[in-house]
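Novice: Using only what follows, build the 3D model:
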Amino acid sequence: MPSPALKLKISGKGRCNITNAADMKDFISHFGKNGRFLRYAFAEFFHADLLRYFEALGVRFKLERGGRYFPEQDKAAEIADALLRKVRALNIPIATRAEVSGMTKMPGKDFAVRIQTGSTRANKHRASRTLRAGKVILATGGKSYPKTGSTGTGFRLASQLGHTITHLSPSLVPLVTKGDTSKKLKGLSLKNVNVSVWCKGKKMAEQFGEMSFTDFGASGPVVLSLSRTAVPLLEDHRRVSMSIDLKPALTHQKVDRRLLREIEQHSKRNVTYLLKQLLPRQLIPAFMEELHLVEEIPLHQMTAEERKRLRRLLKDFHFEVTGSRPFAEAIITSGGIRIQEIHSHTMESKLVKGLYFGGEMIDVDADTGGFNLQAAFSTGWVAGRSVSSGT
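Specialist: Here you go, the predicted model:
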């Protein structure tokens, strides 16, 4: 790319949720079954170490809801700029507009890293050169946001050197829903809702928090996190649905009592008045359509069955999920280099001596909240220390 750290600069919607205050056990739990691989890296370089590192470079942080750390100025560029200042101070060269087109290693010899530089337009005016190196760290990110340079090149290079790449799929990605209801609700954000993913009548995952509707489906923090469950099910050709509990603090019985109270107190009002007490204005037409209610009906004429259907819809406003958005809109990539092929204490390949990995390339990924960036920094720290110390 023309300049470094483009993906880092857009992280966290340009704010960079750099890490999370969760303790080690909780932190690792956010990565699922492969989280155990990160235990040593986190033990060596965890959130307190990361914050101290950047504070020494002049960046200050603030703690927000959910244990999320952000730069005080809410600018991801602060993080990128601090790293670039450090690199320049150490006189480390950076090559931009340079593509690694291939890499080979002969037994007992150096790596040969082939690089093409210059214009990429139709491959005109491109120069090629080969660098020799005794050790190489591959930290090229996954396939998400390819316009930032994260095109999956590292997976191809690792594969050429004999490594296994587990199935790659977009993760922390918006979901596509069936029908046009989401499109009608485009721009509506819901806070303090409970959203769950279902398959064959079984609840597969749930999250409490904020979500939003788009012209293709749903997005927002809880939906992005739930995509880690939904996308593999969809890829396995399972039928997936998403349920929104609009009143998570109330049981079905309490919702019903509230409906009865509203109906008794405002019996001469119409159904629209009742829905205004319960829902954001933009949701009302969708509920009227789903429940087949007539706006002019006074509340005292509302039947017990209609009240029951309204109560159920408030607790289960559901959509069929038909897919996800592409890698270009995914925050991270799920899948990567098999953890069984990497030494967790050094990040060195078990297959190719002198080859190390860091960050999103490794088959570890978590939900939102600063966990993925911490994993990238921690594995990068271990890989860098291993290379410099000769281990």
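Novice: Pull the residues that contact stretch 236-243.
Specialist: The contact list for stretch 236-243 (Cβ atoms under 8 Å, 6 or more residues apart in numbering) reads 175, 177, 195-200, 218, 223, 226, 230, 233-234, 316-321. From N, CA and C alone the C-beta is placed, and that goes for glycine too.
Novice: List buried residues within these.
Specialist: For these, a neighbour count by 16 or more other Cβ atoms under 10 Å gives the buried set as 175, 177, 195-199, 218, 223, 226, 230, 233-234, 317-319, 321.
Novice: List the contacts of the closest residue in space to Ser241 that isn't next to it in sequence.
Specialist: Leaving out its chain neighbours, the residue that sits closest to Ser241 by Cβ to Cβ, 6 or more residues apart in numbering is Trp198, at 4.8 Å. Residues in contact with Trp198, defined by Cβ under 8 Å, 6+ apart, are Met204, Val240, Ser241, Met242, Ser243, His318.
Novice: Pull out the buried members of those.
Specialist: Buried residues within the contacts of Trp198, counting neighbours by 16+ other Cβ under 10 Å: Met204, Val240, Ser241, Met242, Ser243, His318.
Novice: wait, isn't the first one in contact with Val197?
Specialist: Yes - shown here, Met204 and Val197 form a contact pair, counting by Cβ atoms under 8 Å, at 4.8 Å.
Novice: Now list whatever residues contact both of these two.
Specialist: The contact sets of Met204 and Val197 overlap at Thr229, Ala230, Leu233 (Cβ under 8 Å, 6+ apart).
Novice: where does the nearest residue to the first one once chain neighbours are set aside land on pLDDT?
Specialist: Here the nearest residue to Thr229 in space, its sequence neighbours aside, is Ala205; by Cβ to Cβ, 6+ apart that works out to 4.0 Å. The score at Ala205 is 97. That number is its pLDDT.
Novice: Surely Ala205 is within a strand?
Specialist: Yes - according to DSSP: H, G, I helix; E, B strand; the rest coil, the state of Ala205 is that of a strand.
Novice: What are the neighbouring residues in contact with it?
Specialist: The neighbours of Ala205, taking Cβ under 8 Å, 6+ apart as the test, are Ser196, Val197, Leu226, Arg228, Thr229.
Novice: Quick check: beta-bridge partners of it?
Specialist: Beta bridges link Ala205 to Val197, judged by DSSP bridges.
Novice: With secondary structure and pLDDT as added columns, please give the shared contacts of Met204 and Val197 in CSV.
Specialist: Formatted as CSV, the shared contacts of Met204 and Val197 follow (DSSP: H, G, I helix; E, B strand; the rest coil; pLDDT from 0 to 100):
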residue, secondary structure, pLDDT
Thr229, helix, 97
Ala230, helix, 98
Leu233, helix, 98
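Novice: can you list those residues in TSV and add distance to Lys254?
Specialist: As requested, these are exported to TSV (distance: Cβ to Cβ, whole Å):
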residue	distance to Lys254
Thr229	28
Ala230	29
Leu233	32
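Novice: Spatially central, which residue of this protein would that be?
Specialist: Here the mean C-alpha position of the chain is nearest to the C-alpha of Leu172 (Cα atoms, centre = their mean), at a distance of 3.0 Å.
Novice: Report pLDDT for the closest residue to Glu360 other than its chain neighbours.
Specialist: Among residues not flanking Glu360 along the chain, Gly142 sits closest, at 4.3 Å (Cβ to Cβ, 6+ apart). In this model, Gly142 is scored at 95, pLDDT.
Novice: same deal with Thr120?
Specialist: Thr120 is given a pLDDT of 56.
Novice: And the one 4 residues further on, by the same measure?
Specialist: Looking at Lys124, its pLDDT reads 63.
Novice: before we move on, what about the one 3 residues further on?
Specialist: In the prediction, the pLDDT value recorded for Ala127 is 89.
Novice: Can you verify my assumption that it contacts Thr117?
Specialist: Yes - shown here, Ala127 and Thr117 form a contact pair, counting by Cβ under 8 Å, at 5.2 Å.
Novice: And for Asp23, the neighbour number?
Specialist: Look at Asp23: counted by other Cβ atoms under 10 Å, it has 11 neighbours.
Novice: now do Gln340
Specialist: Counted with other Cβ under 10 Å, the neighbours of Gln340 add up to 10.
Novice: could we number from 445 for the rest of this?
Specialist: From this message on, residue numbering opens at 445, which makes the last subject Gln784.
Novice: Run through the helices of the stretch 645-794 of the chain in chain order.
Specialist: Under the criterion DSSP state H, counting those that start in this stretch, the stretch 645-794 of the chain contains helices at 665-679, 696-709, 715-722, 728-735, 748-759.
Novice: so what does the longest one touch, helix or strand wise?
Specialist: Contacts of helix 665-679 with other secondary structure elements, assessed using 3 or more Cβ pairs under 8 Å, 6 or more residues apart in numbering; DSSP states H and E, are made with strand 613-615, strand 619-621, strand 633-643, strand 646-657, strand 684-689, strand 761-768, strand 776-778.
Novice: Just want the angle from it to strand 633-643.
Specialist: Helix 665-679 and strand 633-643 are oriented at 20 degrees to each other (axes from the mean of the first three to the mean of the last three Cα atoms, to 10 degrees).
Novice: which secondary structure elements does the longest helix along the chain contact?
Specialist: Longest helix in the chain, counting residues (DSSP state H): helix 815-833. Helix 815-833 sits against strand 463-464, helix 483-488, helix 491-500, strand 580-582, strand 799-801, with contacts defined as 3+ Cβ pairs under 8 Å, 6+ apart.
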